[in-house]
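Participant: Take a look and give me a structure for this.
(chains A and B)
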Amino acid sequence: MASIKFIQAGLMTSVQDLGRPGLMYYAIPNSGALNPSFAQEANLLAGNPIDAPVIECIMTGPVIEYQDRCRFAICGADMGWLLDGMNIKPGQSYDAIPGSILQSRSTNDMKTAYISVEGILQCQSSFNSSSSYHFAGLGAHSGQRIKKHQFLEFTIEPEEHLIQLEFRPSLELVHVLNIQPGPEFNIISSEGIDTLFNTSFRITPNSNRMGSKLQGQPVDHKKMDRMGSVPLLPGFIQLLPSGQLVVILQDGQTTGGYPRIGYLKKIELERFNAMPLGYSFDFSKF
Amino acid sequence: MTSLRLHDYEFTVHLFENDFIILRSSRIDGTINAEISLGILNQRPKFVDEVISSPSEILLKINEHFHEKSLESLYLIDFKSTSRSRQLKLPVFFGHEFEWDRVDLLTGLSKEVYIEKLVEADLTVSMFGFIPGFIYIDGLPEALYVPRKENPARHQSPNTIAVGGPYLGIYSIPSPGGWTSLGQAAVTLFDPGTLPPTQLNPGDKLQLEILEEEEFINLSNQSITLLKYNGIH
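Facilitator: A predicted model of the protein is given here:
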């Protein structure tokens, strides 16, 4: 058994795994890591199964005090990680001893980082997933984020895991995202299409695990009739009557009443989710 | 394939690369779409990862197993089995603490008259969404419609029965809600600990039973499910 203590919780730190697929009919979103490639890579490096629950850090990392000797790995954003005052880089595994302190500094690197501690995290699970989903109180800690002074415990399974080492392209920050036309793409006017493809957008602080509001010139559109609720998937881009764009993320609602002008494929959504606040990017033409 | 006939309803097929499919029918019906969606979900075709239902369309999230002929497998689904509706009694307490002033203001009906008409209504489970555990119920007479609020402020406690536009709804889990609350069910309809999370099917008929406060407290304390209350296991 290894245990860790959160001296500081960080901004939006929560337990995530690869989510709870197959339940969107019941309006239960997938949830799961915003950047599943980082989560899986962290697990591989820590010697865990790739779908094991990990600690998701968004923008500001936590301060962790290790209570026991254990191995851990960090993947994703370089949040200026320090282990007992020494600089450490993401993408590697490290050994902590009782009393070791892991902390991070402010960052302008990517948005998300994942910490995997060797062993099985002892926490609640809902529908076979530990992913914390705040809105419905599902998963680890009844959906709550990690709090200051909280402890997490990991048990080491004696059996060897079958580790699948597969090549995964590493995720890097890009300035151009590929967008696909969505079901209501035609609501955008020709002027709006010009704005969409020829101006830049930024991620606003008005973002959480449910969705991310973009800042940019308003996207002009034809008259928006009040439409009923229609299905939504993570990666869908909604156009609000104000001309603002919203990207639906892993904890997003499964239906909504705004036109779905486009969507991001899985890899593009990962790239989007890795972008820090204020980061400027363009949408590429189809 | 540009059209598809499921459960005697005609749908147009809109394929978005190998990512998702939208099925649309000319007739807007949340209950029928939810029944068809449940039929597809229960069949679990290999090429489908998610099924999302809404009154105007059904979305299928597809995966690498999808190919040209995949949709033909949907013809084999027996939708009759998921559209077998049951008669279920739903025990409710309509307390004074709910929003009867707002109901009166917007319908012109007193609490007593409103409840009387509600109990007489032919209520049918329509669909699930927009948040986990939310159940849409169809069949409200027009006189009982109450528009949704502009700002969803009120915190709805679990099993709150509320009205929003033409639907009656049940908030199974606590959440902020923009619907006008009327009462509270004494049985549970949704359990986040089990799969599937609800045993209710679209098309199930609901007959409201009015409880006195004491009956409500006694029944609530037993924490039983709607199906168990109706003797169905």
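Participant: Please parse chain B into its domains.
Facilitator: What automatic domain parsing lists as the domains of chain B is B:2-82, B:87-229.
Participant: how far out from the middle of the chain is the longest helix along chain A?
Facilitator: Criterion DSSP state H: the longest helix present in chain A is helix A:36-46. Relative to its chain's centre, helix A:36-46 lies at 13 Å (Cα atoms, centre = their mean, to the nearest Å).
Participant: Quick one: list the elements packing against it.
Facilitator: strand A:54-58, strand A:70-76, strand A:92-96, strand A:112-117 (3 or more Cβ pairs under 8 Å, 6 or more residues apart in numbering or on different chains; DSSP states H and E). Backbone N, C-alpha and C define where each C-beta goes, glycine included.
Participant: Throw these into TSV and include mean neighbour count and mean pLDDT, thanks.
Facilitator: Below are those laid out as TSV (neighbours: other Cβ atoms under 10 Å in any protein chain shown; pLDDT from 0 to 100):
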stretch	mean neighbour count	mean pLDDT
strand A:54-58	28	97
strand A:70-76	25	95
strand A:92-96	16	94
strand A:112-117	27	96
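Participant: what's the closest of those to A:S130?
Facilitator: A:S130 lies closest to strand A:54-58 among those, at 9.4 Å (Cβ to Cβ).
Participant: Would you tell me what the next helix or strand after the closest one is?
Facilitator: Of the helices and strands lying after strand A:54-58 in sequence (DSSP states H and E), the nearest is strand A:63-66.
Participant: which SSE is B:I40 in?
Facilitator: In this structure, B:I40 sits in helix B:30-43 according to DSSP H and E.
Participant: ok, residues contacting that helix?
Facilitator: With contacts defined as Cβ atoms under 8 Å, 6 or more residues apart in numbering or on different chains, helix B:30-43 is touched by A:25, B:6-7, B:9, B:25, B:48, B:51-58, B:60, B:74, B:76-79, B:81-83, B:124-128, B:136, B:138, B:201-203.
Participant: one step back: hey, what's the angle from the longest helix of chain A to strand A:70-76? Just curious.
Facilitator: Between helix A:36-46 and strand A:70-76, the angle comes out at 150 degrees (axes from the mean of the first three to the mean of the last three Cα atoms, to 10 degrees).
Participant: Which of the helices and strands packed on helix A:36-46 sits closest to B:T160?
Facilitator: strand A:54-58 (31.7 Å).
Participant: tell me the secondary structure for the residue lying farthest from the centre of chain B?
Facilitator: The centre of chain B is farthest from one residue, B:E68, which by Cα atoms, centre = their mean lies 32.4 Å away. Classification of B:E68 using DSSP: H, G, I helix; E, B strand; the rest coil returns coil.
Participant: measure it to chain A for me?
Facilitator: Distance of B:E68 to chain A, given as Cβ to the nearest Cβ, to the nearest Å: 20 Å.
Participant: for B:F190, same thing?
Facilitator: Counting by Cβ to the nearest Cβ - B:F190 and chain A are separated by 8 Å.
Participant: Quick check: chain neighbours aside, which residue is closest to that residue?
Facilitator: Using Cβ to Cβ, 6 or more residues apart in numbering or on different chains and skipping the chain neighbours, the partner closest in space to B:F190 is B:S172 (3.6 Å).
Participant: Can you give me the neighbour number for residue 44?
Facilitator: All of this refers to chain A. Counted with other Cβ atoms under 10 Å in any protein chain shown, residues neighbouring A:L44 total 22.
Participant: Sorry, I should have been clearer: chain B.
Facilitator: Neighbour count for B:R44, taken as other Cβ under 10 Å: 10.
Participant: what ranges of chain A fall below the confidence cut-off?
Facilitator: A:157-169 (pLDDT under 70).
Participant: Now do the strands in chain B.
Facilitator: B:3-6, B:9-16, B:20-24, B:48-53, B:57-62, B:87-93, B:123-128, B:134-138, B:155-156, B:160-164, B:167-171, B:175-176, B:180-185, B:205-210 (DSSP state E).
Participant: Just the buried residues of the third one, please?
Facilitator: Going by neighbour count (16 or more other Cβ atoms under 10 Å in any protein chain shown), the buried part of strand B:20-24 is B:20-24.
Participant: number of nearby residues for the residue nearest to B:M127 when sequence neighbours are not counted?
Facilitator: Distances taken as Cβ to Cβ, 6+ apart place B:A34 nearest to B:M127, at 3.9 Å, with adjacent residues excluded. Other residues lying near B:A34 total 28 when counted by other Cβ under 10 Å.
Participant: same for the helix or strand of chain B with the lowest mean pLDDT, what does it pack against?
Facilitator: Using mean pLDDT, DSSP states H and E, helix B:79-82 stands out as the lowest-scoring helix or strand of chain B, at a mean of 74. Identification of packing neighbours for helix B:79-82 by 3+ Cβ pairs under 8 Å, 6+ apart yields helix B:30-43.
Participant: Give me the buried positions along the helix it packs on.
Facilitator: Buried residues in helix B:30-43, defined by neighbour count with 16+ other Cβ under 10 Å: B:30-41, B:43.
Participant: Let me see the residues that make contact with the longest helix of chain A.
Facilitator: Taking Cβ under 8 Å, 6+ apart as the rule, helix A:36-46 contacts A:16-18, A:32-33, A:49-52, A:54, A:56, A:71-76, A:91-93, A:112-118, A:163, A:165, A:168, A:170-171, A:270.
Participant: how far off strand A:112-117 does that helix point, in degrees?
Facilitator: Angle, helix A:36-46 to strand A:112-117, by the same axes, to 10 degrees: 30 degrees.
Participant: residue contacts, A:D282?
Facilitator: Contacts of A:D282 (Cβ under 8 Å, 6+ apart): A:175-177, A:197, A:199-201.
Participant: B:T225: which of these is nearest?
Facilitator: Nearest to B:T225 among the contacts of A:D282, counting by Cβ to Cβ, is A:L177 at 45.3 Å.
Participant: Mind pulling up the pLDDT for the closest residue to B:S85 other than its chain neighbours?
Facilitator: The spatially closest residue to B:S85, leaving aside those adjacent along the chain, is B:G203, at 3.9 Å (Cβ to Cβ, 6+ apart). Looking at B:G203, its pLDDT is 92.
Participant: B:G203: what's it in contact with?
Facilitator: B:31, B:35, B:83-85, B:124-125 are the contacts of B:G203 under Cβ under 8 Å, 6+ apart.
Participant: Which helix or strand contains the spatially most central residue of chain A?
Facilitator: Nearest residue to the geometric centre of chain A (Cα atoms, centre = their mean): A:L34, 1.9 Å. Using DSSP H and E, A:L34 falls within no helix or strand.
Participant: what does the stretch 151-286 of chain A put close to chain B?
Facilitator: Within reach of chain B by Cβ under 8 Å from any Cβ of the partner chain, the stretch 151-286 of chain A has these residues: A:180, A:182-183, A:227-233, A:253-256, A:263, A:265.
Participant: Neighbours of the closest residue to A:S125 other than its chain neighbours, how many?
Facilitator: Once flanking residues are discounted, A:S125 sits nearest to A:G139: 6.8 Å by Cβ to Cβ, 6+ apart. By the criterion of other Cβ under 10 Å, A:G139 has 29 neighbours.
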